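Colleague: here's my sequence, what's the structure:
(one chain, ligands or ions: 1)
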Amino acid sequence: MLPPKVPDQLRQIVGLDGVITHDSELRVYDCDGYTLEKSTPQVVVLPRTTGEVAAVLRLLHREQVAFVPRGAGTGLSGGCLPLAAPVMVCTSRMTRILAVDFANRRATVEAGVVNLAVTNAAKGGRLYYAPDPSSQTACTIGGNVAENSGGPHTLKYGVTTNHVLGVELVLPNGEVVQLGGPMEDVPGYDLVGLTVGSEGTFGVVTQATLRLIRRPQAWKTLLAIFESVDDATQTVSGIVAAGIVPAALEMMDQLIVAAVEAAYHFGFPTDAGAVLIIELDGLAAGLEPQAQRVIEICRVNRAREVSVAKDEAERAALWKSRKRAFGAVGRLAPSYCTQDGVVPRTKLPDILRVISKIGRRYRLRIANVFHAGDGNIHPIILYDERDADQVERVLNAGREILEACVALGGSITGEHGIGVEKIQQMPLLFSPTDLLVMQQLRRVFDPKQRCNPGKIFPTPGVCVETTRPKRRAAV
Ligand SMILES: Cc1cc2nc3c(=O)[nH]c(=O)nc-3n(C[C@H](O)[C@H](O)[C@H](O)COP(=O)(O)OP(=O)(O)OC[C@H]3O[C@@H](n4cnc5c(N)ncnc54)[C@H](O)[C@@H]3O)c2cc1C
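Modeller: The predicted structure is shown next:
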């Protein structure tokens, strides 16, 4: 319950224009990129500084009001869906890059800074911020920290946790804590590592100190075209088995290639079964022999054609097409749900066959575009959210895909998190004791569990979460 005086008290902290209470404006915040479930907050508050976040959380603590942190709302597991949380604390006005330290290769930024803005700020020193989610032109560093986000280039460079040195976190009682810092290897427990990936359940991250890395001297970006998904996935295993670690190794299947080509006109062959984008980087002198070896492996696996981007413009166009692939999906169906599972790389052919079978059984089209080098699949299930029967089939198909990932020795998420979407699947990976211990850990930060309630953990002994929003997209 939200005490009626709270919106005005919030206005006193952040100003009149920092609080949204009008129904039509609130609807903007009723879901993230996972649109199968929706729930509208009662109030959205938009602080500009750590001090304002702390004052907001102190007020909510005093009034015992639950809240949910939100960045840009590009999450794909319903992480910022307000469940039993009347207030949403949104960091979209906290966009200052506070320091870029070229000599020590660090940047300190506010939580609402967009991922790509960090790399843009570091360009002058030939540095960049490595984690590059495909949503990097929109998603925020706070959201990346909460989800431990990855991206195409995390195959070689690691995910967010490998690039965060410190965070400033406002605890749910309003206390501001500094975890880690600008130096490497802080002694004691790795509280930064614990916070990265905590999906907004520990408090609101207000600042992060990020590691910057040197831009590679050169790149070689290859496009390999295959008749079948099987041949493409065997190539992925072949490249890694040969001891080559590409910077990125991405796959798109025929359905997504056709949509991407229609949208961006890169020149992809729309009759191909699958394409791989393989990027090698490092010292210019070493790249040519590696590229030749990769081309050989593609040919052994029956590639129809392999080409190398001839200049930076062609490389950029290729990446633009890949990173905007989700945007092209609107050409295929009115709605889509992006799944996120992981399998051992060698099991990619098996999981893609399973996905295709599940699609046929549920009469759903499923497109695939994913970080193949990591074994991180993203089946995109196409549907129409106005049709309740289709929605039900999408939910069942998604569940079966995740079960198949686990059965093949993988996991239920590679980078999008559990959010609300995958709560029911947590027991596939964790025992009741594991889940209990994780929740005890959460209570250290948030004893009353008022920060992002209803996320990550299933309620013990309950088969279907009753805290989930009643208004499904199709109903
Ligand atoms: C087209 C598209 C492509 C994508 N590609 C990728 C990809 O390649 N790799 C990848 O990993 N993800 C990808 N994503 C998913 C998404 O962009 C990431 O999860 C991203 O990190 C979310 O950032 P956000 O700012 O939008 O966070 P939101 O969606 O607003 O929130 C996500 C979670 O973080 C929490 N949170 C947000 N800000 C804070 C904060 N300041 N403090 C504490 N908790 C906070 C929220 O409570 C929520 O649980 C993609 C999404 C889209 C739509």
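
Colleague: switch to C-alpha atoms for all contacts and neighbour counts from now on
Modeller: OK.

Colleague: so Val164 touches Thr209, yeah?
Modeller: Yes: between Val164 and Thr209 there is a contact at 6.1 Å, judged by C-alpha atoms under 8 Å.

Colleague: what residues does the protein put near the ligand?
Modeller: Counting by C-alpha under 6 Å from any ligand atom, the residues of the chain close to the ligand are 32-33, 68-76, 79-80, 91, 111, 133-135, 139-140, 142-144, 146-147, 149-151, 199-200, 203-206, 326, 415-416.

Colleague: which of the residues you listed fall in helices?
Modeller: 142-144, 146-147, 326 (DSSP state H).

Colleague: now the residues you listed as a markdown table including neighbour count?
Modeller: Formatted as a markdown table, these follow (neighbours: other C-alpha atoms under 10 Å):
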| residue | neighbour count |
| --- | --- |
| Gly142 | 32 |
| Gly143 | 30 |
| Asn144 | 28 |
| Ala146 | 28 |
| Glu147 | 27 |
| Phe326 | 18 |
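
Colleague: ok, longest helix in the protein?
Modeller: The chain, longest helix under DSSP H: helix 388-407.

Colleague: what's the next secondary structure element after that helix?
Modeller: Scanning forward in sequence from helix 388-407 by DSSP states H and E, the next helix or strand is helix 426-429.

Colleague: how about the next helix or strand after that following helix: buried residues?
Modeller: Downstream of helix 426-429, the first helix or strand assigned by DSSP H and E is helix 432-445. Along helix 432-445, these residues count as buried under the neighbour rule (16 or more other C-alpha atoms under 10 Å): 435, 439, 442, 445.

Colleague: now do the contacts for the closest residue to Gly193 other than its chain neighbours.
Modeller: In this structure, Gly193 finds its nearest non-sequential neighbour in Thr161, 6.2 Å apart by C-alpha to C-alpha, 6 or more residues apart in numbering. Contact analysis of Thr161 by C-alpha atoms under 8 Å, 6 or more residues apart in numbering lists 145, 148, 193, 196-197.

Colleague: give me the three-state assignment for Thr161.
Modeller: Per DSSP: H, G, I helix; E, B strand; the rest coil, the local secondary structure of Thr161 is helix.

Colleague: gap between it and the ligand?
Modeller: 11 Å (C-alpha to the nearest ligand atom, to the nearest Å).

Colleague: likewise for Ala258?
Modeller: 17 Å.

Colleague: would you say that residue is within a helix?
Modeller: Yes: judged by three-state DSSP, Ala258 forms part of a helix.

Colleague: contacting residues for Asp231?
Modeller: Contacts of Asp231 (C-alpha under 8 Å, 6+ apart): 301-303.

Colleague: who wins for most neighbours among the residues you listed?
Modeller: Ala303 (22 neighbours; other C-alpha atoms under 10 Å).

Colleague: that residue contacts Ile225, doesn't it?
Modeller: Yes: between Ala303 and Ile225 there is a contact under C-alpha under 8 Å: 5.6 Å.
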